[in-house]
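> Here is my input, please return the structure:
(2 chains)
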Amino acid sequence: MRLHAVEHGHRLTERLKLMLIRVVSMRRVPDVVKTLFYRPEFFGRQMCDWTQAVMRGPSSWSVGERELFAAFTSRLNQCLF
Amino acid sequence: MGNGTVRYAALIERLVESVLAGPGHAASELRRAVFARAFGPHPLTLPLSSPLSGTERGTGGEDIAPDLAGYVDKVALHAYRVTDEDLAALKRAGNPDDVLFEVTVSAALGAAVGRLERGLSALRGEESSPPDPLSTSWRGGMQEHR
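Presented below is the predicted three-dimensional model:
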């Protein structure tokens, strides 16, 4: 993470959630999650609502197909998925 | 499909409004200019190796400092090329983390929504000029395609 605030500047509620994720998953929390949890009222909350609707909401595409689209797009963007 | 159209448009609008007009450390005008610059024309029409001027990118570019504009273009066109030094230089120039966070989100969102709108426009078989990124008319075109 290149911005110190997004790496370490989360408020208490989000910090506790990140800690829980780290303990349960026994892995480092992915940067995208830290970004979504940083000042969530600005970006993360609304982004998660949209993502949830698109990726898990009613659709003629299956969840697997949608995940494949996302992985393919990330690949084109040279972004690890 | 109809219900999906309404739901997605509302969700996208809520996200865009929050990022561009919600409380923040960067001025709302700057966030809007960054979004508009990143929204851009179709990326495939531009040589990826050349820097993009404000004129080429349409509205918004004139309100962004040159160093920040270069960063916005990088995030919008090839975010994987962003380096630690890019951010360090912007911080040395006096941009706090929260401003850079908001600029980065505005740029990424502008690029994403611009691509989404152009993709949907292509699926509809339209050959139109790029939509105005800061108008709300583009959101009407968003619908699920299969």
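> For the rest of this, base every contact and every neighbour count on C-alpha atoms.
Noted.
> and residue 28, what does it touch?
Using chain A. The neighbours of A:R28, taking CA atoms under 8 Å, 6 or more residues apart in numbering or on different chains as the test, are A:R22.
> look at chain B instead
Residues in contact with B:S28, defined by CA under 8 Å, 6+ apart, are B:20-22.
> Sticking with the residue of chain A found nearest chain B, tell me its helix or strand.
Going by CA to the nearest CA, chain B is nearest to A:Q46 of chain A, at 5.1 Å. Under the criterion DSSP states H and E, the helix or strand holding A:Q46 is helix A:44-56.
> Quickly note the distance from the residue of chain A closest to chain B to A:A53.
Counting by CA to CA, to the nearest Å, the gap between A:Q46 and A:A53 amounts to 11 Å.
> okay, those two: which has more neighbours?
A:Q46 (22 against 15; other CA atoms under 10 Å in any protein chain shown).
> Quick check: closest non-adjacent residue to that one.
By the measure of CA to CA, 6 or more residues apart in numbering or on different chains, the closest residue to A:Q46 outside its immediate chain neighbours is B:L15, 5.1 Å from it.
> What residues does chain A have near chain B?
On the criterion CA under 8 Å from any CA of the partner chain, chain B has as its neighbours in chain A the residues A:2-6, A:41-43, A:46-47, A:49-50, A:53-54, A:58, A:60-61, A:77-79.
> Please check those residues and keep the buried ones.
For the residues of chain A next to chain B, a neighbour count by 16 or more other CA atoms under 10 Å in any protein chain shown gives the buried set as A:2-3, A:6, A:41-43, A:46-47, A:50, A:54, A:61.
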